[in-house]
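A.B. asks: coordinates only, sequence not included:
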Ligand code: UTP
């Protein structure tokens, strides 16, 4: 039986919701305090047992490749300045996993980005983590929750989180039938439906385990919403030839691809860190007084 060893992280999108910052900086490199968003995602994958990370990148994303590479000049300067503790910290980042980079030459959508990984994945099942969706769970990473379901059924698994009906138009939505506690057999998937047409409020949360058969489905899928090749549309086809399961993920989710989700992530994660919690608490108190917030 196949183990899930490889993860695809698509990071080739333009990040238009975060302009002008994303004009020259990948949104995945924006920091949550002092750690880039993408490092949280890579750590989630590694802590779930992933050994190889395949980044789907684009021309404007070179900073990500540099971030996971060695930086001998910086290490030399830090050593000379007696800052050994930083040397270790930045080395660890490059040693987290094996990193592979595939260029998506045209930004034709998430489905197209996944298709770019076909030759690196071969016929193994693989994980997908979106590069701008943070899911924090210190006890059991979100991806590990999916891998546990995959290990039971050896079929694709989609991570979901429940959203308000008025927000379904922002997400891929999944409808299914419960077959075990917190495991549904998927019956229907639709990308960004209106609140009236949404079959449920289970939103795809940017985490998937997929079988290699998805590549054939992606090749057959025409461009969908927004003129993009939609992964959700290909999964609807995959569901017709083999079972797909979904499971509701436990954890705190932040959509860091928009400014509100990003701000929320910084504040809450800083509140959970020993070195910043007290500072943020005092800051919130001060702001509340200054702006008369009750
Ligand atoms: P998003 O739609 O959230 O990202 O795609 P975006 O296109 O960068 O953002 P906006 O809407 O313009 O602000 C979800 C994920 O898929 C990747 C993105 O990088 C993001 O991680 N993606 C999207 C690709 O890799 N290639 C694409 O062609 C589109």
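C.D. replies: Cool, the structure landed. It should be emphasised that the depicted structure is a prediction, and the values quoted were computed from it without experimental measurement.
A.B. asks: and the residue nearest in space to the middle of the chain, what are its phi and psi?
C.D. replies: In the chain, the centroid-proximal residue (C-alpha atoms, centre = their mean) is residue 130; its distance is 2.6 Å. Main-chain torsions, residue 130, degrees, to the nearest 10: phi -70, psi 140.
A.B. asks: how much space separates the nearest residue to it once chain neighbours are set aside from the ligand?
C.D. replies: Distances taken as C-beta to C-beta, 6 or more residues apart in numbering put residue 206 closest to residue 130, at 3.5 Å, once the chain neighbours are dropped. The C-beta positions use only the backbone N, C-alpha and C, and glycine is treated the same way. Residue 206 sits 7 Å away from the ligand, going by C-beta to the nearest ligand atom, to the nearest Å.
A.B. asks: can you check residue 14 too?
C.D. replies: From residue 14 across to the ligand, the span is 5 Å (C-beta to the nearest ligand atom).
A.B. asks: start the count at 769, not 1, going forward
C.D. replies: Done: numbering now begins at 769, and the last item shifts to residue 782.
A.B. asks: for that residue, which three-state class applies?
C.D. replies: Here residue 782 is recorded as coil under DSSP: H, G, I helix; E, B strand; the rest coil.
A.B. asks: same check on residue 975?
C.D. replies: Three-state assignment for residue 975 (three-state DSSP): strand.
A.B. asks: cool, the one 5 residues further on as well?
C.D. replies: Residue 980 carries the three-state label coil when classified by three-state DSSP.
A.B. asks: got the contact list for the closest residue to residue 1049 other than its chain neighbours?
C.D. replies: Excluding the flanking residues, the one nearest residue 1049 by C-beta to C-beta, 6+ apart is residue 1039, at 7.2 Å. Taking C-beta atoms under 8 Å, 6 or more residues apart in numbering, we find residue 1039 in contact with 1045, 1048, 1049.
A.B. asks: in the chain, which residue sits nearest the ligand?
C.D. replies: Closest to the ligand within the chain is residue 781: 2.1 Å, counting by C-beta to the nearest ligand atom.
A.B. asks: where's that residue relative to residue 800, distance?
C.D. replies: Distance, residue 781 to residue 800, using C-beta to C-beta, to the nearest Å: 19 Å.
A.B. asks: more crowded one of these two?
C.D. replies: residue 781 (25 against 21; other C-beta atoms under 10 Å).
A.B. asks: you'd agree the more buried one is up against residue 875?
C.D. replies: Yes: in terms of C-beta atoms under 8 Å, residue 781 counts as a neighbour of residue 875; the distance is 6.3 Å.
A.B. asks: what's the overlap in contacts for those two?
C.D. replies: Residues touching both residue 781 and residue 875 by C-beta under 8 Å, 6+ apart: residue 826.
A.B. asks: isn't the residue nearest to residue 898 right up against residue 927?
C.D. replies: Yes: between residue 974 and residue 927 a contact is recorded at 7.4 Å, counting by C-beta under 8 Å.
A.B. asks: which one's more surrounded, the two?
C.D. replies: residue 927 (29 against 25).
A.B. asks: what's the pLDDT at the residue nearest to the more buried one when sequence neighbours are not counted?
C.D. replies: Nearest non-adjacent residue to residue 927, counting by C-beta to C-beta, 6+ apart: residue 975, 3.6 Å away. pLDDT for residue 975: 98.
A.B. asks: beta partners for residue 975?
C.D. replies: residue 897 (DSSP bridges).
A.B. asks: for it, which residues are in contact?
C.D. replies: When contacts are counted by C-beta under 8 Å, 6+ apart, residue 975 touches 895, 896, 897, 898, 901, 903, 910, 911, 914, 926, 927, 1017.
A.B. asks: residues in contact with the second one?
C.D. replies: So the one you mean is residue 896. Shown in contact with residue 896 (C-beta under 8 Å, 6+ apart): 775, 776, 777, 778, 882, 975, 976, 977, 978, 999.
A.B. asks: try it again with 10 Å
C.D. replies: With contact taken as C-beta atoms under 10 Å, 6 or more residues apart in numbering, residue 896 is in contact with 775-778, 822, 824, 878, 881-882, 885, 911, 914, 926-927, 974-978, 982, 999.
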